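> Next one to model:
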Amino acid sequence: MRLPDFLPSFPGLRLAPVLAASLLALAACAPLPAPSPVYTPAPDPVYEGQALSPSQAAQNFVAVVNRMEPVILSECLKRARGANCDYQIVVDDRPGQSPNAFQTLDEAGRPVIAFNLPLIAEVRNVDELAFVMGHEAAHHIAGHIPRQQQTASTGAILLGGLAAAYGYDEATVRSAQNIGAGLAGRAYAKNYELEADQLGTVIAWNAGFDPERGAMFFTRLPDPGDRFMGSHPPNAARVDIVRRTVADLRAGRGM
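Numbering: from 1, shown residues only. Okay, here's the model as predicted:
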């Protein structure tokens, strides 16, 4: 037996032996039934501040990938015409990390969603896991990486050009380019996060999960506040956009 197709090898990312064993066993389970159009969360006693066991965390991860992957593919094909929608979902077991998930592209331009082990262990239920997965998938669908790269490139050109025009040396020009890229790259970062929260809400909802419950993940994260040029919006703003999006979906005003 081999690992499921949604957990391929990826440079620098692999499965921890214990989690891999759990996932291999779970991979033999029958596929989950198709999600209901309207999700009603069942009582979840482990949600109230308690961490999941390793086996439950692994089972939840497999279950969420099984339900989310086809919806992510469908939303990507519908919204991001011409984009590569062949997502890889991988597990990052590098040691010493804080809970994190991220979206990137591999060398071939294939979208990659990575979850590290601390994050898989940190989430309290499948709704939180699905919301995070939808959020990361939304970054690619919305084209945030190329948009941010373009903005950063423009900032580097502008600030570097100004430094050169004032006659600064090559090292100072390079430093100005780096500063310009960093500032410009962060200019829309908070907007991108909110866009991903909104679209991630839709994706999780369409897969049969409860995004409002999933967004409670933010209540356990340090609040970045509303810092100027910060990379993430305040947690309250993120929860608010999820609630407003769910209200629209319940009213039939899907985006």
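> and the gap between V246 and A204?
10 Å (CB to CB, to the nearest Å). The C-beta positions use only the backbone N, C-alpha and C, and glycine is treated the same way.
> Identify the contacts common to these two.
When contacts are counted by CB atoms under 8 Å, 6 or more residues apart in numbering, V246 and A204 have P211 as shared neighbours.
> Following the helix or strand hosting A58 in sequence, what is the next regular element?
Following DSSP states H and E, one finds A58 within helix 54-79. Next along the chain after helix 54-79, taking DSSP H and E as the criterion, comes strand 88-92.
> Each with direction, which strands does that following strand pair with?
strand 111-116 (parallel) (DSSP bridges).
> list the helices and strands the very next helix or strand once past the strand it pairs with packs on?
With elements assigned by DSSP H and E, the helix or strand that comes after strand 111-116 is helix 117-122. For helix 117-122, the contact count by 3 or more CB pairs under 8 Å, 6 or more residues apart in numbering; DSSP states H and E identifies helix 54-79, strand 88-92 as packing neighbours.
> what residues does stretch 237-255 touch?
By CB under 8 Å, 6+ apart, stretch 237-255 touches 131, 193-194, 197-199, 201-202, 205, 211-212, 214-216, 218-219, 226.
> Going by neighbour count, which residues of the helix holding A58 are buried?
57-69, 71-72, 75-76, 79 (16 or more other CB atoms under 10 Å).
> V246 and A204 - which one has more neighbours?
A204 (36 against 19; other CB atoms under 10 Å).
> Quick check: that one touching P211?
Yes: at 4.5 Å, A204 and P211 qualify as touching, with contact defined as CB atoms under 8 Å.
> what residues are shared contacts of these two?
By CB under 8 Å, 6+ apart, A204 and P211 have these common neighbours: D127, A130, F131, G134.
> The second one against R67, yeah?
Yes: in this structure A130 lies within contact range of R67 using CB under 8 Å: 7.3 Å.
> what's the overlap in contacts for the two?
With CB under 8 Å, 6+ apart as the test, A130 and R67 both reach A207, F209.
> Output the below-cut-off pLDDT ranges for this structure.
Scanning the chain for pLDDT under 70 picks out 1-50, 147-160, 162-163, 173, 176-177, 179-188, 223-232, 254.
> Helices of that one, start to end?
Using DSSP state H, the helices of the chain run over residues 17-27, 54-79, 117-122, 126-141, 144-165, 170-187, 189-206, 211-214, 235-250.
> Give the buried residues for the third one.
Buried residues in helix 117-122, defined by neighbour count with 16+ other CB under 10 Å: L117, L119, I120, A121, E122.
> neighbouring contacts of it?
16, 19, 51-52, 54, 57-58, 60-61, 91-93, 97-101, 129, 132, 220.
> Narrow these to those that are buried.
Using 16+ other CB under 10 Å as the threshold, 16, 19, 52, 57-58, 60-61, 91-93, 99, 101, 129, 132 are the buried ones among those.
> TSV for these, including distance to A189?
Output for those, formatted as TSV (distance: CB to CB, whole Å):
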residue	distance to A189
A16	31
L19	31
L52	31
A57	29
A58	32
N60	29
F61	27
V91	26
D92	22
D93	27
P99	20
A101	16
L129	24
V132	18
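> got the end-to-end distance for stretch 104-121?
Criterion CA to CA, to the nearest Å; first-to-last residue distance in stretch 104-121 is 22 Å.
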